[in-house]
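**Student:** Please find the sequence and the predicted model below.
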Amino acid sequence: MDFFRIMEIMLYVLVDLFPNLILAVAPFRDSLRFSEKTTVAAAIALYIFMVLSRIVALRGLSTAAFLSILWIALYLGYYVIFIKAELAKLLFVLLTILNYGSFTTIVFNYFTCRIFPQAAERPYSLYISAALIIDYLISYPFVYRMLGRKLRSLIAFPENSRYWRFLWLVPATFCLSYYYSMYASGGVMSFSVSRSNMLFAVFFNLGALFVTYLVMHLLEESNASMRLKAENYQLGMQSVRYENLKKRMDDARRAKHDLRQTLAVIQAYVQQDDKEALLSYMQSYITSLPPDLPISYCENQAVNALIVYYGELAGENNISFEVWVEYPEKIAIADADAVVLIGNLLENALEACQRKEKGKGFIVLRIQPVQGRLIIVMDNSCSGLVQKKGGTFISAKTGQEGIGLSSVRRIADKYHGVLTLACEEEVFHVSVGLEGGSAEK
C-alpha cells in the first residue's frame, strides 16, 4: 500500500472519528474520570488504532464485519474507562451515534458513487472524505444540539436512572437493523450504491431520530415533574415550620395570659396552707402544658421544620422521640433531597410505631457528617411482622417496596450512597450514607 493511500485512510478516519467523539463526550463533559489532556491522548491513540484497523478492513467483507463489532466494543471500552456514568446511559449515547454514523456513511457513499463511480472501487478515498464533510456540515449541527445540549441535561438528572435501564434498547434495535442490512447485502459500499437502500436509510434514520427525540422529550417532562414535586415538598415543610412556630407563639401567649390566674390560685392555696390541694393543682397544671420539644434541632430550616413536625406527631401519639442532629452548614446535598429522605424515614417510623400493639413506641434518629459523607441512622419500634421479598422490605398494602423506601433508595443512589435496612426483635434499623455530606466534599 502506497503512502498516498495511507494518507487517504488517515484523512477519512480523522473526519469520521473526531466529530463523533465530540458527540460522544459532549453529554458527559462534566463526568470525565481523568484530565482533559489524558482524555485527548487516549482519543489520539484510538485514532491510530482506527487507522490501522481500517487498513486491515480492506482485506475482505468478513474482516470488515468482524472489525465493526470490535470497533463497537472498543468505543464502549473507551467510554467506560474515561466517562464516569451509568452503563445504560453510555450505551444509549453510543448506539445513537453509531446509528447516525451508519446513516451518514450510507448517504455520502451513495452520492459519491453516483458522482464519482470510481469511488465504489476505492473505499476511504478523498472523494468519500469530501462527501462526508459535506454531509456533516448539513446534519451535524442538529445532532450536536440534540446530544450535546438537550441530552446532557437529562443525563445529569439522576432521578430518572431507572428509565435508562431500558431506554438504551431503543437505539440498540435500530443499530442492529442497520448493521444486519448492510452486511447481509455484501458490505457498506454494496448496500449504499442502491437508491432504494439509501432511501430506506434516510427514512429509517428519521424514524430513529424522531423516536430518540420523543424519548428525550418525555424524560424532560418527567424530570420537570420530579423537580416540581420536590419543590412542593420543600414548600410544604416550610409551611409546617411556620405553623409550628405560630403554634408555639400562641401557646406562649396563652400561657403568659393564664399565668396571673394560676399564680392567684397558688397564692390562695398557700394562704390556706392546703398543701394537698396545691400539689394536686400543680400536677394538673404541668400535665396541661405543651410538650417540651426543642424548637431547633439544627440550623437547616427545612430539615429542622421536618423533625419538629414529626416530633410533635410522636408526642401526640405517646411515642418516645430522641434526635441528635449535626447538620453541616455547607453541604452538597440539596435541601429538597434531604427533606424527602428524612421525611420518608420518619413517616415510615411513625406508622410502624402506631401499628405496634404492645409497649410504648420509640424513634431514635441520628444525623452527622463523617469523612465527607452524611450519615443518617434511625431505629424505631415495629410490630415485628415485616415482610421481605427478594431481600427487599415490602409494603403490606401493595406487596411491593413502599413508595417511601423507594424514594429513599432513589436519593441514596443519586448521591452514590449506601442504604442498609434490617429488622431485629421488633426494632427496625435504617442507615444511609450519602456522598457530599461536608463542606470539604
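**Tutor:** Cool, the structure landed.
**Student:** From residue 189, how far out is residue 106?
**Tutor:** Using Cβ to Cβ, to the nearest Å, residue 106 is found at 10 Å from residue 189. Quick note: C-beta positions are derived from backbone N, CA and C, even for glycine.
**Student:** My error: substitute residue 220 in the last question.
**Tutor:** Taken as Cβ to Cβ, the span from residue 220 to residue 189 is 39 Å.
**Student:** So between these two, which is more surrounded?
**Tutor:** residue 189 (23 against 16; other Cβ atoms under 10 Å).
**Student:** Can you show me the helices along the stretch 251-400 of the chain?
**Tutor:** For the stretch 251-400 of the chain, the helices defined by DSSP state H, counting those that start in this stretch cover 275-288, 301-316, 335-355.
**Student:** Quick one, which of those helices gets closest to residue 33.
**Tutor:** helix 335-355 (24.5 Å; Cβ to Cβ).
**Student:** State the pLDDT value of residue 368.
**Tutor:** pLDDT, residue 368: 91.
**Student:** list the contacts for the nearest residue to it once chain neighbours are set aside?
**Tutor:** Distances taken as Cβ to Cβ, 6 or more residues apart in numbering put residue 326 closest to residue 368, at 4.1 Å, once the chain neighbours are dropped. Residues near residue 326 by Cβ atoms under 8 Å, 6 or more residues apart in numbering: 298, 367-369.
**Student:** again, 10 Å this time
**Tutor:** Neighbouring residues of residue 326 by Cβ atoms under 10 Å, 6 or more residues apart in numbering: 297-298, 366-370, 374-375.
**Student:** Among the residues you listed, which one has the most neighbours?
**Tutor:** Counting by other Cβ under 10 Å, top hit in the contacts of residue 326: residue 374 with 26 neighbours.
**Student:** contacting residues for it?
**Tutor:** Residue 374 touches 326-328, 331-333, 338, 341, 367-368, 415, 417, 432-438, 441, counting by Cβ under 10 Å, 6+ apart.
**Student:** And it, how close does it get to residue 407?
**Tutor:** Computed as Cβ to Cβ, the residue 374 to residue 407 distance reads 16 Å.
**Student:** can you check residue 154 too?
**Tutor:** Between residue 154 and residue 407 the distance is 20 Å, computed by Cβ to Cβ.
**Student:** quick one, which of those two is more surrounded?
**Tutor:** residue 154 (22 against 19).
**Student:** which secondary structure element contains the more buried one?
**Tutor:** In this structure, residue 154 sits in helix 151-155 according to DSSP states H and E.
**Student:** Can you give the domain ranges for the protein?
**Tutor:** Split into domains by automatic domain parsing, the chain comes to 3-231, 291-435.
**Student:** Make CSV from those and add distance to residue 281 to it.
**Tutor:** Output for the domains of the chain, formatted as CSV (distance: least, Cβ to Cβ, whole Å):
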stretch, distance to residue 281
domain 3-231, 50
domain 291-435, 20
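**Student:** For residue 269, find the nearest of those domains.
**Tutor:** Here domain 291-435 is closest among those (Cβ to Cβ), at 24.6 Å.
**Student:** what's the most distant pair in the contacts of residue 326?
**Tutor:** The widest separation within those (Cβ to Cβ) is 18.3 Å, between 297 and 370.
**Student:** list the contacts for residue 191?
**Tutor:** Contacts of residue 191 by Cβ under 10 Å, 6+ apart are 102, 105-106, 109-110, 178, 181-185, 197-198, 200-201.
**Student:** how about a cut-off of 8 Å?
**Tutor:** Per Cβ under 8 Å, 6+ apart, neighbours of residue 191: 106, 181-182, 185, 197.
**Student:** And those residues, which is closest to residue 57?
**Tutor:** Using Cβ to Cβ, residue 182 is the member of these that lies nearest residue 57, at 13.2 Å.
**Student:** Residue 372 and residue 433 touch, don't they?
**Tutor:** No. Taking contacts as Cβ atoms under 8 Å, residue 372 lies outside contact range of residue 433: 10.0 Å.
**Student:** okay, these two: which has more neighbours?
**Tutor:** Remark: of residue 372 and residue 433, residue 433 carries more neighbours, 19 against 14, as counted by other Cβ under 10 Å.
**Student:** can you put the helices of the stretch 251-400 of the chain in CSV and add distance to residue 52, mean neighbour count and mean pLDDT?
**Tutor:** What follows is those, written out as CSV (distance: least, Cβ to Cβ, whole Å; neighbours: other Cβ atoms under 10 Å; pLDDT from 0 to 100):
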stretch, distance to residue 52, mean neighbour count, mean pLDDT
helix 275-288, 87, 11, 78
helix 301-316, 57, 20, 85
helix 335-355, 48, 21, 88
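**Student:** Of these, which is nearest residue 129?
**Tutor:** With distances scored as Cβ to Cβ, the stretch of the helices of the stretch 251-400 of the chain nearest to residue 129 is helix 335-355 (49.2 Å).
**Student:** counting contacts, what elements does that closest one pack onto?
**Tutor:** The helices and strands touching helix 335-355, judged by 3 or more Cβ pairs under 8 Å, 6 or more residues apart in numbering; DSSP states H and E, are helix 195-272, helix 301-316, strand 362-370, strand 373-381, helix 403-414, strand 427-435.
**Student:** Could you say which of the ones you listed is packed most deeply?
**Tutor:** strand 373-381 (a mean of 22; mean count of other Cβ atoms under 10 Å).
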